[in-house]
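**Student:** just the structure for this:
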Amino acid sequence: MKPKPVFLLMILVGGFGFFLQFMPNSDLLTFIIVLSALTTAVGSKIKWDEREHQLLGQSFSDAFQWTLIGLYILFTGTVLLGWIGLVHDFLAYVSAHWIGYLSSAMCFLLGIAGLREFQDEE
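**Tutor:** Numbers count the residues shown, from 1 in each chain. Got it, this is the predicted structure:
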């Protein structure tokens, strides 16, 4: 199996997960769909050589770091806006759906990071 379709699947599923958050009671569905895309990527029968494996490890590390930075920014903004007393409805919505947004962002960023490493090979 080629790596490009797997990473495109991760990008599509990550984007679809964001849109699923606007449907009522879709957090578990989003998490299961994103988890299945991630396990497809991990369990696929792609043969990596050592150089590709190191490049993917670096790219995935960058993707996880950016996800963590985004999460810190989101929670800092949530705390600051909570102190000010603005946008309580938005904060309640984000607090209720954070796992879906986080898993979708992780899948989306991992797909982009993986696709970025293999765009010049074709």
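**Student:** could you pull out the buried residues of stretch 18-32?
**Tutor:** 20, 21, 26, 27, 30, 31 (16 or more other C-beta atoms under 10 Å). Bear in mind the C-beta positions are built from the backbone N, C-alpha and C, glycine included.
**Student:** lowest-confidence one in those?
**Tutor:** On pLDDT alone, residue 27 ranks lowest of the buried residues of stretch 18-32, at 77.
**Student:** and it, how far is that from residue 51?
**Tutor:** Taking C-beta to C-beta, to the nearest Å as the measure, residue 27 falls 39 Å from residue 51.
**Student:** if we can go back for a sec, make TSV from the buried residues of stretch 18-32 and add secondary structure to it.
**Tutor:** Output for the buried residues of stretch 18-32, formatted as TSV (DSSP: H, G, I helix; E, B strand; the rest coil):
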residue	secondary structure
20	helix
21	coil
26	coil
27	helix
30	helix
31	helix
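**Student:** hmm, which two among those residues are most spread apart?
**Tutor:** 21 and 31 (10.8 Å; C-beta to C-beta).
**Student:** now do the shared contacts for those two.
**Tutor:** Common neighbours of residue 21 and residue 31 are listed as residue 100 (criterion: C-beta atoms under 8 Å, 6 or more residues apart in numbering).
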